[in-house]
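Colleague: Have a look at this prediction, sequence included:
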Amino acid sequence: MPQPPLRVSTHLSPKAIEQKYRKCTNARNKIRWQLIWIMTRPGKKILVTEAATLVGFCNNWARILVKRYNDGGEDALIDQRKNNVGREPILNAQQIEKLKKALKEEHPEDGGLWTGPKVAQWIGKETNQAITPQGAWIWLQKISFSPHVPRPAHTKSATPEEREAFKKNSENAMKSSRKTIRTKQ
């Protein structure tokens, strides 16, 4: 079923709306003002669907913007994302310090190295909030945690004495291999 025609309220005159559109420097807000300006120009009245097509919006978004403008005026039309501070982080400053201390001084419950799932489990106990292993890994990166573990030695690796003996033997082998190789002439 088609939606009823939506008209723009007269918060501002068409001339004032045009001035707002022309003077706006923010690209997102400018295109929103253009939508309202197109719909309020004197002469031919344009529907939301036509104005949305002209500025490149989908019909739904254009109707939402016109309704915002009708309900709240020019302040409701501008982009509000800059005012969105986001949600509170899962860990506060004290909990971050506690996590750093745990990573340096403690071992995970099952032993081994700290990993994303193990940190997720620790954060879950600390905050009573579920967190994914990927989210815990992001916290590890934020606090610049990197487990410094020496590279494992091979179980059959040589002792220092055996290494020296190998070096001596290999030098003798190199000297003997430098003989001239004869070719057929």
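Modeller: Noted; the coordinates are in hand. This is a predicted model, so every value here is computed, not measured.

Colleague: Kindly list the main-chain dihedrals of R7?
Modeller: phi -110, psi 160 (degrees, to the nearest 10).

Colleague: residues contacting it?
Modeller: M39, K45 (C-beta atoms under 8 Å, 6 or more residues apart in numbering). Just so you know, the C-beta spots here come from the backbone N, C-alpha and C atoms, and that holds for glycine as well.

Colleague: where's it relative to P117, distance?
Modeller: As judged by C-beta to C-beta, to the nearest Å, R7 and P117 stand 56 Å apart.

Colleague: Repeat that for W37.
Modeller: 54 Å.

Colleague: The two - which one has more neighbours?
Modeller: W37 (23 against 14; other C-beta atoms under 10 Å).

Colleague: Next one: L54 relative to W33, how far apart?
Modeller: 13 Å.

Colleague: Now the residue most central in space within the chain: which helix or strand?
Modeller: Against the mean C-alpha coordinate of the chain, by C-alpha atoms, centre = their mean, the closest residue is I138 at 10.3 Å. Element membership for I138, per DSSP states H and E: helix 133-142.

Colleague: what does P150 give?
Modeller: Going by DSSP H and E, P150 is not in any helix or strand.

Colleague: So what's the residue count around it?
Modeller: Count around P150 with other C-beta under 10 Å applied: 5.

Colleague: give me every residue that touches the nearest residue to G135 once chain neighbours are set aside.
Modeller: Spatial nearest neighbour of G135, excluding adjacent residues (C-beta to C-beta, 6 or more residues apart in numbering): A120 at 6.8 Å. Residues counted as contacts of A120 (C-beta under 8 Å, 6+ apart) are I131, T132, P133, G135, A136.

Colleague: hmm, try it at 6 Å
Modeller: I131, P133, A136 (C-beta atoms under 6 Å, 6 or more residues apart in numbering).

Colleague: now R32
Modeller: L65, L77.

Colleague: re the thing from before, quick check, pLDDT for the residue nearest to G135.
Modeller: pLDDT for A120: 92.

Colleague: All further residue positions should be reported with the first residue as 35.
Modeller: Happy to do that; since the first residue is 35 now, the last one works out to A154.

Colleague: Flag every buried residue along the host helix or strand of it.
Modeller: Taking DSSP H and E as the criterion, A154 maps to helix 150-161. For helix 150-161, a neighbour-count test (16 or more other C-beta atoms under 10 Å) marks G150, K152, V153, A154, Q155, W156, I157 as buried.

Colleague: And for stretch 86-98?
Modeller: Buried, per 16+ other C-beta under 10 Å, within stretch 86-98: A86, V89, F91, N93, A96, R97.
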